[in-house]
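1. build me a model from this:
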Amino acid sequence: MTQALFDFGDKLPLEDKLPVAYPERAAWGTGPKLRAWQAEALAKYFETEPRDYMAVATPGAGKTTFALRLAKVLIDSGKINRMIVVAPTDHLKKQWADAAARVGIALDPNYKNSDGRHGSHYLGVVVTYAQVALKPAVHRAKTENARTLVIMDEVHHAGDALSWGDGIREAFEPATRRLALTGTPFRSDSAPIPFVQYVDEGDGIRRSKADYTYGYGSALADHVVRPVLFMAYSGAMRWRTAAGEEMEANLGAGFTKDVTAHAWRTALDPHGDWIPSVLQAADRRLSEVRRTVKDAGGLVIATDHEDARGYAAQLEAICGEKVTTILSDDPKASEKIDEFSASDARWMVAVRMVSEGVDVPRLCVGVYATSTSTPLFFAQAVGRFVRSRKRGEVASVFLPSVPVLMALANEMEVERDHALDREGSDADQGLDDDLLEAANKEDKASDELTRSKFEALNSQASFDRVLFDGGEFGTGAELGSDEELGFLGIPGLLDTEQVSELLRAQQSKQISNGGSKPAPVSDHRRMMDLRTKLSKNVSAWSARTGTPHAQIHTKLRNVCGGPAVPQATADQLQARIEKLQDWFVGRK
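-> Residues are numbered from 1 along each chain as shown. Here you go, the predicted model:
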């Protein structure tokens, strides 16, 4: 099939923009209307119909619709007669089966390894990665006994454990077709994920290569996902160390890693003043959003069961309504999520269950009340709020004002590849993610250890700023002040330009009412600026010389001294920036 057979003009419905020469063309007319990226990704697939195909699409973009439409064409054409979907969680197994049923594909989400054969009234099954890893031979037999399409949802989970990757490879090596899907950038590790293509771009690092990519930036421009307002809150924290020493620090003020971690954990303590103050602000924001988005809901992401129960009790006192609490070991968690999704209740609190497991399109307001800070977890968490239902909906996520979260919020549109063989400076810069699977389970031993290292004494919250569309707005404000309420009162149904315009106007009003210039840049903001400047200079030098970023950072550390970028002082970062400037003008 040649490229000439593809027409993506604007005069035809999206389904009519797919290749007309494909024999089963009529199958593309069934099911929901396709978005432009879905039609384009399908057309690209059917150019060559490869055995393996990987599509990367930002959370909320519609990966399931794309995958099921592709499956429907292959089924109706007789090219496959069995289908296996591999999902990360039991809750997602049911979501896949329900979605498949809506397009006429019967899949069994309750299949167990001990069942052997699935019922003849099903075309196939939906299983989890863990389930496949336990008995790969069972799934291999099912795969090789038919013309099987295997869909691996959020395929990065195949790298969560060596046994999982080995199990996936053994089970699905005989598959007729394999479709890999993911909604977030892969983390870096040393184990390649089965059936994913890796390429070396000349720097000795093998990176995953997607066949089709649809990132957050593109989805935002197409109004497929919502823009996100990040509401950052700081404040004074006080705690007692294991040695009995009382410590005090302002949240996110650029202290050492340990001090920042303890201040952050103090803020999240349900017995302090910070978290209930932020929950009240988030509930006020939800009320504003519900003026125009009537069924808008909110989600609080908690670290553990104890915190979740505390947050739920506080929210119930704030809003006067029952709060749905989803605990990681609750056998009815899936049912509760479905019930909340179908209702118009205000709030749900979940223990880290944000990795593809909580899919509630009406979620518009979130509170990131967990100390987990890996880029992959953060992206998955924010992904719970960005699914767009109609143009103009805006998501709001409340954050502790700590540098690592501020950096992640500012980098929402940065896409990172899954890189193998990475070592040295890149890892030091925080590009490596902890295992997402572990992050989404309550690690009671770790949480108890964290609690034993210190005792939270008290905490106070203050409004810091709003991060939106690459910009920062606000100069700090007291809780309940007109300045804070001005930002919380941004309407929930606006396009991106209108949101930016209102934020700028509110910031100007805040500065004008204060009768002074904006508050001076705090130390942690200066550190962020220096890191950004250094990163841009390193990128420019890499583009000029062809030298990988990691090697440039290593050389700068050797020449200028000091630790890796996250631990470097302002003076050390400035010295590296100046050294790079010397290189650009030819000085050694």
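
2. make it CA atoms for all contacts and neighbour counts henceforth
-> Will do.

3. give me every residue that touches G298.
-> Listed by Cα atoms under 8 Å, 6 or more residues apart in numbering, the contact set of G298 reads 286, 346-348, 363-367.

4. where's it, which helix or strand?
-> Assessed by DSSP states H and E, G298 sits inside strand 297-302.

5. mind saving the C-alpha coords of the next helix or strand after that strand as CSV?
-> Where DSSP H and E defines the elements, the next helix or strand beyond strand 297-302 is helix 305-319. In CSV, the C-alpha atoms belonging to helix 305-319 read as follows (Å, rounded to 0.1, in the frame of the first residue of the first chain):
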residue,chain,number,x,y,z
HIS,A,305,-3.8,4.3,54.8
GLU,A,306,-3.5,6.4,57.9
ASP,A,307,-3.1,9.6,56.0
ALA,A,308,-5.9,8.7,53.6
ARG,A,309,-8.4,8.2,56.5
GLY,A,310,-7.3,11.4,58.1
TYR,A,311,-7.7,13.4,54.9
ALA,A,312,-11.1,11.9,54.2
ALA,A,313,-12.3,12.9,57.7
GLN,A,314,-11.0,16.4,57.2
LEU,A,315,-12.7,16.7,53.8
GLU,A,316,-16.0,15.5,55.1
ALA,A,317,-15.9,18.2,57.8
ILE,A,318,-15.0,20.8,55.1
CYS,A,319,-17.6,20.0,52.5
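
6. list the neighbouring strands of the helix or strand just after helix 305-319 plus their orientation.
-> Counting by DSSP H and E, the element after helix 305-319 in chain order, helix or strand, is strand 324-326. Its sheet considered, strand 324-326 pairs with strand 347-351 (parallel) by DSSP bridges.

7. show me where pLDDT drops low in the stretch 351-500 of the chain?
-> The model of the stretch 351-500 of the chain has pLDDT under 70 over residues 352-358, 412-453.

8. check contacts around K94.
-> By Cα under 8 Å, 6+ apart, the contact set of K94 is P109.

9. how close does the closest residue to L68 other than its chain neighbours sit to G124?
-> Distances taken as Cα to Cα, 6 or more residues apart in numbering put A100 closest to L68, at 6.6 Å, once the chain neighbours are dropped. Separation of A100 from G124 (Cα to Cα, to the nearest Å): 11 Å.

10. how about F385?
-> For F385, the distance to G124 - Cα to Cα - is 31 Å.

11. so these two - more neighbours on which side?
-> The neighbour comparison of F385 against G124 (other Cα atoms under 10 Å) goes to F385, with 30 against 27.

12. can you give me the helices in the stretch 251-400 of the chain?
-> Here the stretch 251-400 of the chain has its helices, by DSSP state H, counting those that start in this stretch, at 257-268, 274-289, 305-319, 333-342, 375-383.

13. can you say which of those helices is nearest to L92?
-> L92 lies closest, by Cα to Cα, to one member of these: helix 333-342, at 8.8 Å.

14. domain parsing for this protein?
-> As recorded under automatic domain parsing, the domains making up the chain are 3-221, 228-404+453-514, 523-584.

15. how close does the residue nearest to the spatial centre of the chain get to S334?
-> With distances taken as Cα atoms, centre = their mean, A379 lies nearest the centre of the chain, 1.8 Å away. Distance, A379 to S334, using Cα to Cα: 22 Å.

16. again, but for F377
-> 20 Å.

17. cool, S277 as well?
-> 30 Å.

18. swap in I193?
-> Taken as Cα to Cα, the span from I193 to S334 is 28 Å.

19. more crowded one of these two?
-> More neighbours surround I193 than the other of I193 and S334, with 24 against 18 (other Cα under 10 Å).

20. which one is the more buried one nearest to, not counting chain neighbours?
-> Nearest to I193 is G159, by Cα to Cα, 6+ apart, at 5.6 Å.

21. what do you get for T496?
-> Distances taken as Cα to Cα, 6+ apart put P227 closest to T496, at 6.7 Å, once the chain neighbours are dropped.

22. the one you found: how many residues sit nearby?
-> P227: 27 neighbours (other Cα under 10 Å).

23. so R207 lies in a strand, does it not?
-> Yes: per DSSP: H, G, I helix; E, B strand; the rest coil, R207 lies within a strand segment.

24. so how far is I193 from it?
-> R207 is 11 Å from I193, where distance means Cα to Cα.

25. repeat that for A55.
-> 14 Å.

26. for A137, same thing?
-> Plainly put, A137 is 19 Å away from I193 if you go by Cα to Cα.

27. please list all residues in contact with A350.
-> Shown in contact with A350 (Cα under 8 Å, 6+ apart): 299-302, 308, 325-328.

28. check these against L408 and report the nearest one.
-> Nearest to L408 among the contacts of A350, counting by Cα to Cα, is I301 at 16.5 Å.

29. looking at it, the closest one is touching S328, isn't it?
-> No: I301 lies out of contact with S328 (Cα atoms under 8 Å); the separation is 11.6 Å.

30. neighbour count winner among the two?
-> I301 (23 against 17).

31. hey, what's that one bridged with?
-> Taking DSSP bridges as the rule, I301 bridges to A350, Y368.

32. where does it land on pLDDT?
-> At I301, the pLDDT value in this model is 93.

33. over to I193?
-> With respect to pLDDT, I193 has a value of 85.

34. with the one 3 residues further on instead?
-> On pLDDT, V196 comes in at 86.

35. what about it, how many residues nearby?
-> V196: 18 neighbours (other Cα under 10 Å).
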